[in-house]
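Chemist: Just need the structure, nothing else, for what follows:
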Amino acid sequence: MNHVFHAAPVNGPFEDPSLYVRILRERRALLFDAGDIRVLDIGNILKISDIFITHTHIDHFIGIDTVLRAVLRRDIPLRIFGPENIIACIEGKLKGYTWNLIKQYPIRIEVFEVRKDGISQAGFYAENSFCRIDHSGKAFEDVILDDPLFTVKALPLSHDIPVLAYSVEEEYHININKAMLQERGLPVGHWLSDFKMAIRQAAPPDTSFEVAGKLHRLDELMSIATITRGQKIAYIMDVSPDEENISKIIAFVAGSDVLFCESYFLARDFDRARERHHLTAAIAGRIAREARVGNVGTMHISPRYRHCLDELYHEVEREFRGQGI
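Modeler: Numbers count the residues shown, from 1 in each chain. Predicted coordinates for the structure are as follows:
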């Protein structure tokens with residue numbers, strides 16, 4: 001399957017968790033959690049259109065300042081999604097700086113606070129020195145971002161505080177048959193992006209595209225496209241290891257191509273995991289197996305396991321493959 005998402009952790013397994021998801025051919029990216037992200041260069045930060053915060057512990061949230069510093073002069077708005085209290089936390093960060101010289105800057109920040117009973121929204125705009133402006137809220141089911149290319153869903157869970165799990169998924173993937181392009185004498189170019197968008201938006205069959213100086217109708221071009229199952233990525237961090245959370249996660253991440261999941265403790269340290277409200281490597285592997293995901297991205301591991309990292313990876317893999325521990 002040709003992928004539209006290229007997802008990779010920003011840091012190593014013992015450092016702050018953050019997942020950078022590049023949307024191929026769109027010069028756009030999503031960021032899941034914003035710990036210390038200083039390893040990202042300015043070009044990659046400027047591609048970030050949306051940030052999805054699981055909770056505002058410092059190792060998941062301190063990087064908001066890094067993003068803010070980079071995008072101040074950007075025309076494209078920045079959207080931030082998070083759990084209860086995210087609006088107040090963003091407001092607090094912005095109030096920590098003086099903004100008397102930015103009223104001509106274009107940046108607009110929209111913050112969405114996801115709770116079980118609804119989604120609240122507030123805006124912070126350079127033109128009014130980032131003073132908070134509350135907007136009308138809306139009901140919450142599971143989809144928090146419905147984009148022409150993909151949807152992002154959120155799941156409220158517990159880490160002794162409210163946290164969110166996330167998934168990002170294409171409804172379907174549009175593959176272009178290069179051999180068919182050549183056979184019909186059609187060049188590769190930007191028009192293909194417009195063509196794909198027209199398919200996603202169910203444009204009328206007589207929608208026309210100019211290709212190499214000639215007009216071609218949408219319905220006449222459909223033979224170059226093949227529709228396949230879309231890609232799905234799930235992201236689970238800092239969750240209490242109780243059965244209520246686990247059963248919700250399994251249903252939520254089911255069928256993911258990749259599950260990025262915390263594996264903070266080994267199974268032998270389950271009492272500590274329960275005390276600190278984290279998943280174990282064995283639980284992460286079990287979730288992946290029961291949810292029938294394609295692959296597991298093991299993240300967010302306690303530094304106590306620096307001397308035995310392989311043991312932790314093996315624990316995830318054994319449980320994922322149904323071999324026990």
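Chemist: Low-confidence stretches in the chain?
Modeler: Within the chain, the stretches with pLDDT under 70 are 1-2, 172, 324-325.
Chemist: one more time with 90
Modeler: Within the chain, the segments meeting pLDDT under 90 span 1-4, 24-27, 116-117, 148-149, 170-203, 205-206, 208-230, 322-325.
Chemist: any idea which residue sits dead centre in it?
Modeler: For the chain, the residue nearest the mean C-alpha position is Phe32 (4.6 Å; Cα atoms, centre = their mean).
Chemist: which residues in the chain form helices?
Modeler: 42-46, 58-61, 64-71, 86-95, 178-183, 191-200, 218-221, 243-253, 270-276, 281-290, 309-320 (DSSP state H).
Chemist: tell me which residues in the second one are buried?
Modeler: Of the residues in helix 58-61, those with enough neighbours to count as buried (16 or more other Cβ atoms under 10 Å) are 59-61. Backbone N, C-alpha and C define where each C-beta goes, glycine included.
Chemist: Any chance of a markdown table for those residues, columns distance to Ala139?
Modeler: Below are the buried residues of helix 58-61 laid out as a markdown table (distance: Cβ to Cβ, whole Å):
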| residue | distance to Ala139 |
| --- | --- |
| Asp59 | 31 |
| His60 | 26 |
| Phe61 | 26 |
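Chemist: From those residues, pick the one nearest Arg306.
Modeler: Distance to Arg306, by Cβ to Cβ, is smallest for Asp59 among these, at 16.4 Å.
Chemist: I'd like to know how far that closest one sits from Ser18.
Modeler: Look at Asp59 and Ser18: by Cβ to Cβ, to the nearest Å, they are 9 Å apart.
Chemist: Now do the shared contacts for these two.
Modeler: Here Asp59 and Ser18 share the contacting residues 35-36, scored by Cβ atoms under 8 Å, 6 or more residues apart in numbering.
Chemist: sorry, back to before: please identify the most buried of the helices of the chain.
Modeler: Ranked by mean neighbour count under mean count of other Cβ atoms under 10 Å, the helices of the chain are led by helix 281-290, which reaches a mean of 25.
Chemist: what comes into contact with that helix?
Modeler: 236, 241, 246, 249-250, 253, 259, 261-263, 265-267, 279, 296, 298, 312-313, 315-322, 325.
Chemist: can you rerun that using 6 Å?
Modeler: 241, 249-250, 259, 261, 263, 266-267, 296, 312, 315-316, 319-320, 322, 325 (Cβ atoms under 6 Å, 6 or more residues apart in numbering).
Chemist: ditto for stretch 235-249
Modeler: So stretch 235-249 is in contact with 17, 19, 32, 54, 157-159, 163, 165-166, 260-262, 273-274, 277, 279, 283, 287, 300, going by Cβ under 6 Å, 6+ apart.
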